[in-house]
Structures are given as C-alpha cells and as structure tokens.
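Participant: sequence plus the predicted model coming up.
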Amino acid sequence: MTGTITITGNLGTNLSYTVASPELSVSNGGTTVTIDPGINFPGGEVLPISWVDVFDELCGNPIAAPTWQVTIIPPP
C-alpha cells in the first residue's frame, strides 16, 4: 500500500504520515491500519483522519478513503 494519511484536529493537531512511516502499520492483508503517533492529544480534540493517493500494491487500483473521526475523551 502507498499513500499519505493526515490527522488534522480542531485544537491544533496537524500530522501527516506516508504509509511507509514507522508510525503506521498495516495488517490483516492490508485491511487494518494502525497509527501510533507517539504523542498525547488534548482532551476534547476532534481528529478527522483522511488519506490520499492510497493504492493497492497487488493490482495498483486506488483504495477508496473511509471517513474516520476520533474524539479524544478528556480525563475525569
């Protein structure tokens, strides 16, 4: 898989990773992407996650980007 995954939060987070970045891992035959940015996000931040130029390695076809949004729950 190739491409770029971007996380842009409403409280200032702005991260971008290529699929080959050490912060990303792809498993389950390319169906699961895990992101470990190594930072703590501010509580309450809303983090839309998007990707561009992601292509299947086997056939070269583009992979449709899902819509992901994560809200960081603040500590009690």
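Facilitator: Perfect, thanks for sending it. Owing to the predicted nature of the structure, the values given are computational and were not obtained by experimental measurement.

Participant: could you list the low-confidence segments of the protein?
Facilitator: Applying pLDDT under 70 to the chain flags residues 1, 30, 76.

Participant: next, the buried residues of the longest strand seen in it.
Facilitator: If you go by DSSP state E, the chain has its longest strand at strand 46-55. For strand 46-55, the neighbour count (16 or more other CB atoms under 10 Å) marks L47, I49, W51, V54 as buried. For the C-beta atoms, the positions are set from N, CA and C on the backbone; glycine is no exception.

Participant: can you give me the strands in the protein?
Facilitator: With DSSP E as the criterion, the chain has strands spanning 2-8, 14-18, 24-27, 32-35, 46-55, 68-71.

Participant: can you list those in JSON lines and add distance to P62?
Facilitator: Shown next, in JSON lines, are the strands of the chain (distance: least, CB to CB, whole Å):
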{"stretch": "strand 2-8", "distance to P62": "9"}
{"stretch": "strand 14-18", "distance to P62": "16"}
{"stretch": "strand 24-27", "distance to P62": "16"}
{"stretch": "strand 32-35", "distance to P62": "15"}
{"stretch": "strand 46-55", "distance to P62": "5"}
{"stretch": "strand 68-71", "distance to P62": "17"}
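
Participant: compute the first-to-last residue distance for stretch 20-34.
Facilitator: 12 Å (CA to CA, to the nearest Å).

Participant: what lies in contact with that stretch?
Facilitator: The contact list for stretch 20-34, computed with CB atoms under 8 Å, 6 or more residues apart in numbering, reads M1, T2, I5, Y17, T18, V19, I35, D36, P37, G38, D56, E57.

Participant: what's the answer for stretch 7-19, then?
Facilitator: 1-6, 23-24, 26, 33, 35, 37, 41-42, 44-50, 54.

Participant: out of the residues you listed, which are buried?
Facilitator: Buried, going by 16+ other CB under 10 Å: G3, I5, L24, V33, I35, F41, E45, L47, I49, V54, out of these.

Participant: quick one on the thing from earlier: of the buried residues of strand 46-55, closest to A65?
Facilitator: Sorting the buried residues of strand 46-55 by distance to A65 puts W51 at the head of the list, at 5.0 Å, by CB to CB.
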